[in-house]
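> take a look and give me a structure for this.
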Amino acid sequence: MAANQRPVSWLLFPFVPLGIVLRPAAIGGRLARSSWFKAVAAHLLCILAIWAITVAAELVLDDGNYNTWTTSVSRLRIEAISWERLTWGERLRFPFALVFTILYDGAGDIDATTLAFAAAGAHASCWLIAALAMPLFAMGEPLRRLFGRCLKLVFWSNVCFVVAALCYAFVRVGVEGDWGGTWDDMLRTVLYDESVAGALTVLIFMPWWFNVLFRLAARYAGPTEGPGWQPPPPHCNGCGYTIIGLPKSGRCPECGRVIADSLPTARRPPAWAVVENWWRRPLAYARTVRDVLGDRRFFDTLAVRRPTREAARFAVWTCVVVGMLLALGFLAQAWADVAYAPNARKAIRELCPPVLGGLGVTAFSLAAVCLVALRSAFTVRIDPRITWNAVLYSSAFLLPTSAVVAAAWWADWLIDEYTDLSDSIYLGEWHAVEFNGEFFGWFLFGCCAFAASVWGLIRLRKAILDIRFAV
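Sure thing, here's the model as predicted:
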C-alpha cells in the first residue's frame with residue numbers, strides 16, 4: 001500500500017504506455033486515481049491502434065501495391081498508389097486515413113445489430129474482467145470503489161494488446177511474406193503458418209498482460225476509508241457471540257469455545273504469505289498446499305483480515321498448476337501425432353492445442369475461483385476480504401481433481417498403446433453386447449474425480465463457516 005499519489009496529467013499521457021509496459025507497479029496507483037475520461041480515452045485509442053496495426057500488416061503483405069486492395073464490405077475502390085512516390089508524411093498518414101475510410105465506407109454495409117453486439121461485447125468483457133478481478137486486487141476499500149479501480153486498470157492495461165498486435169503483425173508478415181534469407185527460413189521452420197504464430201502470440205502475451213494488470217493493482221493510492229480500516233468487532237469464532245469484557249482464559253457462554261481462540265493473536269498467515277525470497281516460493285507453496293488439503297483447522301487459524309494480494313498470488317499459482325496438469329492430459333491424447341510427426345513443423349503444430357488448452361483451463365479455473373469469491377462476499381456482514389482470502393486459498397482443492405483427470409488420460413493412452421485392454425470384450429451368450437475394456441478404467445477414474453470434487457466442495461463450505469466470524 002502506497003501513500004496518496006497524484007493522478008496522471010495530460011502532459012504525461014503520451015508516455016503512460018511506456019510506464020505500463022516497463023514499470024506497471026510504480027504507475028498503477030496514479031492510473032487508478034486518474035479520471036474516467038482519461039481511462040476511457042486510453043481504451044478507445046488502444047482499439048484504434050490495434051485496428052491500424054492490423055490494416056498496416058495487410059497492406060505490407062500486399063507488396064506495397066494498393067491498386068487491388070479493397071475492404072470486404074466496401075463499395076469504394078482505392079486507386080493505384082505507388083509506395084515509392086509517397087512522401088514520409090503521406091506514408092505516416094496513409095494507414096490512419098485508410099482506417100477511417102474503412103470505418104466510413106464499411107460500417108454502413110454491416111448489420112447494425114451485429115455491430116452493436118460486437119461493440120457491447122468488447123466493452124462488457126472489460127467490465128466482466130474488472131468484476132472478476134475484485135477479489136484479487138482488494139485492499140480494504142468499499143466494493144463500489146474497488147470495482148471502479150479495477151475497471152480503470154483494465155482499461156489502461158489494454159496497452160498490452162497493442163504490443164501483442166504489433167508483434168503478431170511482424171511475425172505474420174515474416175511468415176507469410178517472401179523475404180528470403182536465413183531468417184526467413186528459420187521463421188518458417190518454427191512458426192510454420194499463421195495459426196501457429198497466433199497460438200504462440202496468445203500463449204506469450206496473455207500471461208504477460210495478466211502480470212501487468214496484477215502489478216498495476218499492487219499499490220493502493222486512494223483514501224483510507226472502508227471496511228479494511230475499521231476495527232474488527234470482537235466475536236466468538238464459533239457462534240458470533242460478542243465477547244467484549246470477557247476474560248481471555250474464559251469460554252464463550254453460548255458455545256463454550258475458548259475465548260483465546262477467537263482473538264486476532266490466534267490467527268496467523270500461512271507459509272506462502274510470509275516468505276520473501278523468490279527461490280523459496282516453490283517450497284512455501286508446497287507447504288501451504290499440504291496444510292490446506294491436510295489440516296482441517298487451517299482456515300480456523302488463518303489470518304483473513306489482510307490484503308488479498310498474497311492469497312491471490314497463491315490462487316494464480318494453483319490455477320497455473322491445474323492448467324499444466326490438464327495440458328499434460330491433453331498431450332496424452334495428441335502424443336501419437338506429436339511423436340510420429342514427419343517434421344518439426346508438424347510436431348509444433350500438434351503441440352499448440354494442448355498448450356493452449358492448458359492456458360484456457362488456467363484462465364477458466366481462475367475465473368471460477370473469483371466468481372465463487374464474489375458470491376461468498378455477500379455472506380459477510382463487514383469486510384468481504386474475510387471470505388475472499390479463504391476462497392482464494394481454497395483453490396488448492398482443484399488440484400486433486402485435475403491430477404485425477406490428467407492421470408486418467410495418460411492411463412487411457414498407456415492402455416491403448418501397450419495392452420490389449422482396449423479391445424472389445426464379449427460377455428457371452430447371456431448378453432450379446434461387447435464392452436470396451438477402457439470403459440472400466442474411465443469409470444474408476446471418473447468416480448475418483450467425482451469424489452475429489454465433492455470433497456473439495458465440502459471443505460470449501462467448511463472453510464467459509466470457519467471464518468465467518470473471524471477477527
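> and Ser74, what pLDDT?
Confidence at Ser74, expressed as pLDDT, is 38.
> my reading is that Phe469 lies in a strand. Confirm?
No: when classified by DSSP: H, G, I helix; E, B strand; the rest coil, Phe469 is found to be coil rather than part of a strand.
> next helix or strand past the worst-scoring helix or strand of the chain on mean pLDDT?
Least confident helix or strand of the chain, by mean pLDDT, DSSP states H and E, is helix 181-191 with a mean of 49. Downstream of helix 181-191, the first helix or strand assigned by DSSP states H and E is helix 194-216.
> tell me the buried residues in that next one?
Neighbour-count burial for helix 194-216, counted by 16 or more other CB atoms under 10 Å, picks out 196-202, 205-206, 209-210, 212-216. Glycine gets a C-beta too; all of them are placed from N, C-alpha and C.
> out of those, who's nearest Arg297?
If you rank the buried residues of helix 194-216 by distance to Arg297 using CB to CB, Phe214 comes first, at 30.3 Å.
> next SSE after the strand or helix carrying Gly29?
Element membership of Gly29 [criterion: DSSP H and E] is helix 24-32. Using DSSP H and E, the helix or strand that follows helix 24-32 towards the C-terminus is helix 36-61.
> name the helices or strands packed onto that next one?
Helix 36-61 makes packing contacts with helix 88-106, helix 143-157, helix 159-176 when contacts are defined by 3 or more CB pairs under 8 Å, 6 or more residues apart in numbering; DSSP states H and E.
> how is the chain divided into domains?
10-216, 267-467 (automatic domain parsing).
> what about the last one, average pLDDT?
Same thing as domain 267-467. Domain 267-467 comes out with an average pLDDT of 78.
> pull up the distance across that domain, start to finish.
With CA to CA, to the nearest Å as the measure, the first residue of domain 267-467 is 11 Å from its last.
> which parts of the stretch 351-471 of the chain are helices?
In the stretch 351-471 of the chain, the segments counted as helices under DSSP state H, counting those that start in this stretch are 385-393, 398-418, 438-467.
> which of the ones you listed is buried the deepest?
Of all these, helix 385-393 carries the top mean neighbour count, a mean of 27, counting by mean count of other CB atoms under 10 Å.
> alpha carbons only: can I get that one in PDB?
Provided in PDB are the C-alpha atoms of helix 385-393 (Å, rounded to 0.1, in the frame of the first residue of the first chain):
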ATOM      1  CA  ARG A 385     -11.800  -9.900   2.400                       C
ATOM      2  CA  ILE A 386     -12.700 -12.400   5.100                       C
ATOM      3  CA  THR A 387     -14.200 -14.800   2.700                       C
ATOM      4  CA  TRP A 388     -12.000 -13.800  -0.300                       C
ATOM      5  CA  ASN A 389      -8.800 -14.900   1.500                       C
ATOM      6  CA  ALA A 390     -10.400 -18.200   2.400                       C
ATOM      7  CA  VAL A 391     -11.800 -18.900  -1.100                       C
ATOM      8  CA  LEU A 392      -8.500 -18.000  -2.800                       C
ATOM      9  CA  TYR A 393      -6.600 -20.400  -0.600                       C
END
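> give me the angle between that helix and helix 438-467.
160 degrees (axes from the mean of the first three to the mean of the last three CA atoms, to 10 degrees).
> which helices and strands does helix 385-393 pack with?
helix 134-137, helix 309-339, helix 344-377, helix 438-467.
> and these: which comes nearest Arg145?
It is, among the helices and strands packed on helix 385-393 and with distance given as CB to CB, helix 134-137, at 10.6 Å.
> among the helices and strands packed on helix 36-61, show the one with the smallest mean pLDDT.
helix 88-106 (a mean of 61).
> Arg150 touches Ala130, doesn't it?
If you look again at residue 150, you'll see it is Cys, not Arg. Yes: using CB atoms under 8 Å, Cys150 is in contact with Ala130, at 4.1 Å.
> more neighbours: which of the two?
Using other CB atoms under 10 Å as the criterion, Cys150 and Ala130 rank with Cys150 on top: 25 against 21.
> Arg385 contacts Ala303, doesn't it?
No: assessed by CB under 8 Å, Arg385 is found out of contact with Ala303, at 10.8 Å.
> least confident pick among the buried residues of helix 194-216?
Within the buried residues of helix 194-216, pLDDT is lowest for Val196, at 64.
> quick one, what contacts Ala367?
Residues in contact with Ala367, defined by CB atoms under 8 Å, 6 or more residues apart in numbering, are Leu132.
> okay, it and Ser395: tell me how far apart.
Going from Ala367 to Ser395 by CB to CB, to the nearest Å gives 12 Å.
> same question for Arg468.
Taking CB to CB, one finds Arg468 at 19 Å from Ser395.
> and for Arg219?
24 Å.
> settle it for me: which of these two has more neighbours?
Ser395 (29 against 19).
> just confirm the more buried one contacts Ser365, I think it does.
Yes: using CB under 8 Å, Ser395 is in contact with Ser365, at 7.5 Å.
> so what sits against both of those two?
The contact lists of Ser395 and Ser365 share Thr318, Cys319, where a contact means CB under 8 Å, 6+ apart.
> list the contacts for the nearest residue to Trp156 once chain neighbours are set aside?
Nearest non-adjacent residue to Trp156, counting by CB to CB, 6 or more residues apart in numbering: Leu31, 4.9 Å away. The contact partners of Leu31, by CB under 8 Å, 6+ apart, come to Val8, Val16, Ile20, Ala39, Lys152, Leu153, Trp156, Leu216.
> of those residues - the most surrounded one?
Highest count within those by other CB under 10 Å belongs to Trp156, 28 neighbours.
> surely Ala266 and Ala260 touch.
Yes: between Ala266 and Ala260 there is a contact under CB under 8 Å: 6.2 Å.
> who has more neighbours, the two?
Ala266 (16 against 13).
> what sits against the more buried one?
Applying CB under 8 Å, 6+ apart, the residues near Ala266 are Ala260, Thr301.
> measure it to Arg305 for me?
13 Å.
> swap in Gly148?
23 Å.
> now do Arg172
In terms of CB to CB, Arg172 sits 50 Å off from Arg305.
> ok, now Arg296?
In terms of CB to CB, Arg296 sits 22 Å off from Arg305.
> neighbour count: those two, which is higher?
Arg305 (18 against 11).
> name the helix or strand for the nearest residue to that one once chain neighbours are set aside, please.
Counting by CB to CB, 6+ apart, Arg305 lies nearest to Pro232, which is 6.0 Å off, once chain neighbours are set aside. Element membership for Pro232, per DSSP H and E: none, as it lies in no helix or strand.
> what about Pro232, how many residues close to it?
Residues near Pro232, counting by other CB under 10 Å: 15.
> can you tell me how far it sits from Ser394?
Taking CB to CB, one finds Pro232 at 21 Å from Ser394.
> one more: Ala311?
10 Å.
> please apply the same query to Ser376.
Following CB to CB, the distance that separates Ser376 from Ser394 is 10 Å.
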